[in-house]
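Enquirer: Next come a sequence and a model predicted from it.
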Amino acid sequence: QEHLVESGGGLVQPGGSLRLSCQASGNFFSIVHMMSWFRQAPGKQREFVASITRRGVATYETSAKGRFTISRDNVKNTLYLQMNNLQSEDTAIYYCRVEGDYPDGEGGVESADSWGQGIRVTVSA
């Protein structure tokens, strides 16, 4: 599995901004396709926030549109999430997810995904 480490979380006041990063290492995947951010608020299920294809096509959950920007650096194997105008309902643990292909040892490839350990974002006055 690919090793993913999130950073950039913390405590911010309503209306503030944070930039999350997710660094992939381990060279498990021969190619990374989709990279995504999910979040899980206290007492709630994990939910999709945003995703971005290898070519840079981004998709956002409704509440993230216009406030969050997802981006990736394919050379650095790093995923980002710029979050602006944060609100209390954005408080959650944020997880990055990476989907890619890896060699199956028999000349072919298999697909898999890896998750980061999560990073806490707290929006509070």
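Expert: Structure received.
Enquirer: Which secondary structure state does the closest residue in space to F38 that isn't next to it in sequence sit in?
Expert: Spatially, and ignoring its direct neighbours in sequence, F38 is nearest to Y95 (4.8 Å; C-beta to C-beta, 6 or more residues apart in numbering). All C-beta spots, glycine's among them, are computed from the backbone N, C-alpha and C. Here Y95 is strand, with the state taken from DSSP: H, G, I helix; E, B strand; the rest coil.
Enquirer: Report all helices and strands that the helix or strand bottoming out on mean pLDDT in the chain contacts.
Expert: Across the helices and strands of the chain, mean confidence by mean pLDDT, DSSP states H and E is lowest for strand 109-115: a mean of 91. Applying 3 or more C-beta pairs under 8 Å, 6 or more residues apart in numbering; DSSP states H and E, one finds that strand 109-115 contacts strand 3-7, strand 92-103.
Enquirer: can you do 10 Å?
Expert: In terms of contacts (3 or more C-beta pairs under 10 Å, 6 or more residues apart in numbering; DSSP states H and E), strand 109-115 is packed against strand 3-7, strand 31-40, strand 92-103.
Enquirer: Show me what counts as buried in the helix or strand that it is followed by.
Expert: Sequence-wise, the next helix or strand downstream of strand 109-115 (DSSP states H and E) is strand 119-123. Neighbour counts over strand 119-123 (16 or more other C-beta atoms under 10 Å) mark 119, 121, 123 as buried.
Enquirer: Over to the closest residue to G16 other than its chain neighbours. Which of the three states is it?
Expert: Spatial nearest neighbour of G16, chain neighbours left out: L86 (5.4 Å); criterion: C-beta to C-beta, 6+ apart. With three-state DSSP as the basis, L86 sits in coil.
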